[in-house]
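[1] When you get a sec, could you give me coordinates for this:
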Amino acid sequence: HLTVNGTISAKGRGYYGTHGSGGSGGSIWITCRTLAGGASGLLQVNGGGGRYYGGGGSGGRLAVQFDPAAQGALADPVPDIRFEGTPGAITSENRETFPAGMGTLSLSDTLLLGNRLTNRRLVDVQLAVPGWTVWEPGSLMIDDCSIGLQEGVDLAVTGDLVVTNGGRLHLFAAPVADRLATPGARVDVAGDLRIDAGSWVLPTAHPTNGATVALSVGGNLRIAAGGGIDADRRGYTRGHGPGTPRASRTDGGNGAGHGGHGGMGFGGVRWGDAYGDAAWPIDAGSGGIVLPPGNWNAGRGGGSIRLTVAGEAEIQGTLTDRGGHAWSPTHGGGGSGGSILLVCRTLRGSNSGVLSVDGGQGTGGGSSGGGGRIAIHYDPVAQAALDEPVAPLRASAYAYPASTTGFRSTINAQEGTLWLPDTLFLGGR
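    Down below sits the predicted model:
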């Protein structure tokens, strides 16, 4: 029997020097028959922070192997011990704002998780259980915790799923043979899905295969102002995707396309083409590119938000799926915006509700990424019968103007698309 009321730490060191990078978190491996402890107990493998152009270090690895039968027989089988794998932070001078990866937490089974994740018990850890293909809690509350599932692991909640008090749920798609026919991971909620202020669900498409995460809700969807679903820059990585430019120059990276074509860079070489389905968009956005010397300074593509809601969808917060800006000061092409597909019976919201699939901005002689695609499918008859049938949401598939003009033609990126079943959503004003 092991009781942890103190701290076991294997953190990575932070930066050293002006452009120093952070070290990654280390490893903690525990094998015991049973595990106990209070909220003062902490196992941490956080990464170290970077400075200026130095990147942060990733979280490390935690593993706790216990006897599930013996643990389940305890009076308190779910101890309050905290696990942390937070990646190292970066400073504002670093234009590459995509963080390092979270750490991992391997468990013998799901017993230690329970169905109420509270009090920062799990912070920035990607969960791993041997043979795990689907997690099936009766209901699930993520309250002031931040967790991820392994790539391709599904989540099936037979009750409600609530993300609250700054909670975060990270989802990762596994590669598939046909990205348009098969999702790379699924979240199925039989009851309601509620995302409160300051809380987020973050679906990440596979960065080279393009497989995406599909979410379905058997009840209603409620997203509060200040919270939402964030797939910004969580699509194809730089140099990948159907809309990635196939040619570029060192003095003008081209923007990626999706709902609209990407921009043409300073050198006047072909942009990234538009692709996908305006009515049923599920593709992730594509990464920008600059060649040679490499695609290191281009923007990533936006991800994919695929939502099927049997009942009402109330959007007071944000669905965001924007492409990444090029982060180098010279000649990078922007990534294209991703996809938002929302299928529901009725739609409500306010002007704090935002759906965004903007393309990323280019830098220097580079050009910007095209906007992505938004499609909203509601029941026109049921929607028209609401007391407020026009949901005053804001939708954006913006494409930034070219970052520069010069002696050779520069063509702006193209805005993306918005598909609706009728004109009701547009209103009269």
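
[2] what kind of secondary structure is the closest residue to Ala284 other than its chain neighbours in?
    Excluding its sequence neighbours, the residue lying closest to Ala284 (C-beta to C-beta, 6 or more residues apart in numbering) is Gly235, at 3.2 Å. From N, CA and C alone the C-beta is placed, and that goes for glycine too. Look at Gly235: counting by DSSP: H, G, I helix; E, B strand; the rest coil, its state is coil.

[3] what's the burial count for Gly235?
    Gly235 has 37 neighbouring residues, counting by other C-beta atoms under 10 Å.

[4] contacting residues for it?
    205, 207, 210, 241, 284-287, 300-304, 321, 323, 335-336, 338 (C-beta atoms under 8 Å, 6 or more residues apart in numbering).

[5] Buried among those residues? Need that as a selection in ChimeraX.
    The ChimeraX command for the buried members of these (criterion: 16 or more other C-beta atoms under 10 Å) is given here:
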select :205,207,210,241,284,285,286,287,300,301,302,303,304,321,323,335,336,338
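
[6] how close does the residue nearest to Ala284 get to Gly148?
    17 Å (C-beta to C-beta, to the nearest Å).

[7] repeat for Gly360
    Taking C-beta to C-beta, one finds Gly360 at 24 Å from Gly148.

[8] Between the two, point out the one with more neighbours.
    For the pair Gly360 and Gly148, the greater number of neighbours falls to Gly360 (36 against 25), based on other C-beta under 10 Å.

[9] Hmm, that one is touching His325, no?
    Yes. Between Gly360 and His325 there is a contact at 4.5 Å, judged by C-beta atoms under 8 Å.

[10] Quick check: neighbours shared by the two?
    Joint contacts of Gly360 and His325 (C-beta under 8 Å, 6+ apart) are Gly299, Gly334.

[11] Run a quick neighbour tally on Ala279.
    12.

[12] so who does it touch?
    Contacts of Ala279 (C-beta under 8 Å, 6+ apart): Ala375, Trp419.

[13] Helix, strand or coil: sort out Ala69 for me.
    helix.

[14] and the gap between it and Val213?
    34 Å.

[15] And these two? Which one has more around it.
    For Ala69 and Val213, the more surrounded residue by other C-beta under 10 Å is Val213, and the numbers stand at 29 against 10.

[16] pLDDT at the more buried one, what is it?
    Note on Val213: pLDDT of 98.

[17] quick one: the strands in the stretch 151-300 of the chain?
    154-157, 161-164, 168-172, 185-189, 193-195, 200-204, 213-217, 221-223, 228-230 (DSSP state E, counting those that start in this stretch).

[18] Let me have the ones you listed in TSV, extended by distance to Gly101.
    Shown next, in TSV, are those (distance: least, C-beta to C-beta, whole Å):
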stretch	distance to Gly101
strand 154-157	19
strand 161-164	20
strand 168-172	10
strand 185-189	17
strand 193-195	23
strand 200-204	10
strand 213-217	17
strand 221-223	26
strand 228-230	16
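
[19] closest one to Asp273 among these?
    Judged by C-beta to C-beta, the one of these that comes nearest to Asp273 is strand 200-204, at 24.0 Å.
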